[in-house]
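> sequence first, then the predicted structure, then my questions.
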Amino acid sequence: MKLRILPPLVMLIFAGFMYALAEFLPFGDFDFFGRKQLAVVLLGMAILVMGLGLLQFARAKTTTNPIDLKKTSQLVTGGIFKYTRNPMYLGMLLILLAFGLKLGNAFNTLVAAGFVYYMNHFQIKREEEALTELFGKAYRMYCKATRRWF
């Protein structure tokens, strides 16, 4: 599987777009009671979701590297992976949403949606193809039972 940009770098690029929008777009600013607290809650959820995913991969002694999925030694389907097939990407989305709330520009939700689109089409689909090759029917059944994001 050939990837051009690692997922954490993709998230940082989208965060850069969010920052640029918030700084240079003359409209779209918003505020509401609890906005900053909600951002903190989303960030905490992101850390929890990503941490659980990484912990489960470590316990299964399988790779977290999205570049070389042939090194994947085990299909992890329990724990957080029972609710989302991509907890690390879900965590990255939550980080972007938290950042968008901190910046306070409504158009940042469009950037977060762009992140989901990019990840679905340029990252996750390739991973799913590789994992289907590795795990066949077991992975297809897992995909039917568990949603891609949440």
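That came through, no problem. Small disclaimer: the values here were computed from a predicted structure and weren't measured.
> contacts and neighbour counts: CA atoms only from here.
Noted.
> residues in contact with the helix or strand harbouring residue 140?
Here residue 140 is covered by helix 125-145, with elements defined by DSSP states H and E. Residues lying outside helix 125-145 but in contact with it, judged by C-alpha atoms under 8 Å, 6 or more residues apart in numbering, are 1, 66, 69-70, 75, 77, 85.
> list the buried residues for it?
126-128, 130-131, 134, 139, 142-143 (16 or more other C-alpha atoms under 10 Å).
> likewise stretch 67-79?
Of the residues in stretch 67-79, those with enough neighbours to count as buried (16+ other C-alpha under 10 Å) are 67, 69, 72, 75-77.
> helices and strands around the helix ranked longest in the chain, which ones?
The helix spanning the most residues in the chain, taking DSSP state H as the definition, is helix 35-60. Counting contacts by 3 or more C-alpha pairs under 8 Å, 6 or more residues apart in numbering; DSSP states H and E, helix 35-60 packs against helix 87-103.
> okay, buried residues for the next helix or strand after the helix it packs on please.
Secondary structure here is assigned by DSSP H and E; on that basis, the next helix or strand after helix 87-103 toward the C-terminus is helix 108-118. Residues of helix 108-118 classed as buried: 108, 111-112, 115-116 (neighbour count, 16+ other C-alpha under 10 Å).
> centroid-nearest residue for this structure?
Centroid-nearest residue in the chain: residue 89, 1.5 Å away (criterion: C-alpha atoms, centre = their mean).
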